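All I have is the shape, not the residue letters:
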């Protein structure tokens, strides 16, 4: 009996000792609390920023927590820098905000004069709308539509109406020695883009795509059975009198949303300039110039909270040497886009995805950033940028802008930006 009592007493003592030991664990944990996610990620980002300051170029960083609706991290975020192709984000958001996803680029074929039997006693006028998606197939369909409209011959001319723009062929602040190409496009509201790229070795085709457009249209009309006299092609920089057009023959339309994928994922400069001029032409009858597009982008920046004294908008693509914006103001635009569901639902899927597609296909192919980061890249000589969105490990969505200016080696700048993205995603 006494033995049993001693055994129970011993067991009770052990049980109480164990309970005391367990109760002491939370007390020790409270003495050394685990850092919050925000503190942890900011500490890691700060170490990267300090490393960046040891390099021979300037790095600006701005990160905003959209879920918490407050700034997360900044480093030289107010420095005014060249954005390169992240300028396309500003152009896209401005267009979606002012025009909307369904606003259309429009190329119209119309006739003037009157019909004598099946002969048109007048001109066929093509009103260029700077449609970057207008294709050779569209041109062929237009020629067939003209034939099916009952026109067997054209007594007048084929007139290319290029009055939408002011006639300046290169963007403001583009290098004077740039040769027109698929990456440095010749700006005109009348062209078919993909054929221009295919024929990029033909200098006449690249430098005069509007002339080439009319010559191919003439050829296609003849192929469709419509007689057109030699030398009938003419360009007009003055708006054709709307009253003179007696019938619309064919119209091609492509929406803003349709062209954003090519513009953003492939960083297509021609698409970006087309959208820039379309944005500038809203509310104008003709003769749109770069300043018209710039005013619309500046209006968007101001609406997003940017100080226009620290911003310079010169083109839509980021090719210009005159574009300047801070990482902070780029993030303000990204925040504005996120807050507008009608914009974000179109913008987000248009951005390249890390390790998957577009200009990020070969970057961040592993780690927390893989398939997570959606961002626009930018690169011209000495300038490498990245701006977009990433989801962190705690489920928060972050908007970020990373700008490296003065970097002579793109590999170094891109590697640094990728590391910032991996840290944000952890």
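Received, thanks. Small disclaimer: the values here were computed from a predicted structure and weren't measured.

where does the stretch 101-250 of the chain dip in pLDDT?
For the stretch 101-250 of the chain, the stretches with pLDDT under 70 are 178-182, 193-206, 240-243.

Let me see the ranges of the helices in it.
136-148, 193-198, 203-207, 209-223 (DSSP state H, counting those that start in this stretch).

want to throw these into JSON lines with distance to residue 113?
In this view, the C-beta of every residue, glycine as well, is placed from N, C-alpha and C. Shown next, in JSON lines, are these (distance: least, Cβ to Cβ, whole Å):
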{"stretch": "helix 136-148", "distance to residue 113": "14"}
{"stretch": "helix 193-198", "distance to residue 113": "29"}
{"stretch": "helix 203-207", "distance to residue 113": "30"}
{"stretch": "helix 209-223", "distance to residue 113": "16"}
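
is it possible to export those helices to TSV including mean neighbour count and distance to residue 108?
Below are those laid out as TSV (neighbours: other Cβ atoms under 10 Å; distance: least, Cβ to Cβ, whole Å):
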stretch	mean neighbour count	distance to residue 108
helix 136-148	18	10
helix 193-198	18	18
helix 203-207	16	23
helix 209-223	19	13
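
so who does the residue nearest to residue 105 when sequence neighbours are not counted touch?
Using Cβ to Cβ, 6 or more residues apart in numbering and skipping residues adjacent in sequence, the residue nearest residue 105 is residue 131, 3.7 Å away. Applying Cβ atoms under 8 Å, 6 or more residues apart in numbering to residue 131 gives the contacts 105-107, 252-254, 274.

try it again with 6 Å
By Cβ atoms under 6 Å, 6 or more residues apart in numbering, the contact set of residue 131 is 105, 107, 254.

Check residue 44 too.
Contact analysis of residue 44 by Cβ under 6 Å, 6+ apart lists residue 423.

Can you check the pLDDT for it?
Listed pLDDT for residue 44 reads 97.

Give the helix, strand or coil label for it.
Under DSSP: H, G, I helix; E, B strand; the rest coil, the three-state class of residue 44 is helix.

And it, how far from residue 412?
19 Å (Cβ to Cβ, to the nearest Å).

And for residue 346?
Going from residue 346 to residue 412 by Cβ to Cβ gives 34 Å.

Looking at those two, which one has more neighbours?
A direct count of neighbours by other Cβ atoms under 10 Å for residue 346 and residue 412 places residue 346 higher, at 21 against 16.

for that one, helix, strand, or coil?
In three-state terms, and counting by three-state DSSP, residue 346 is helix.

Not counting sequence-adjacent ones, nearest residue to it?
Closest to residue 346 by Cβ to Cβ, 6+ apart is residue 101, at 4.9 Å.
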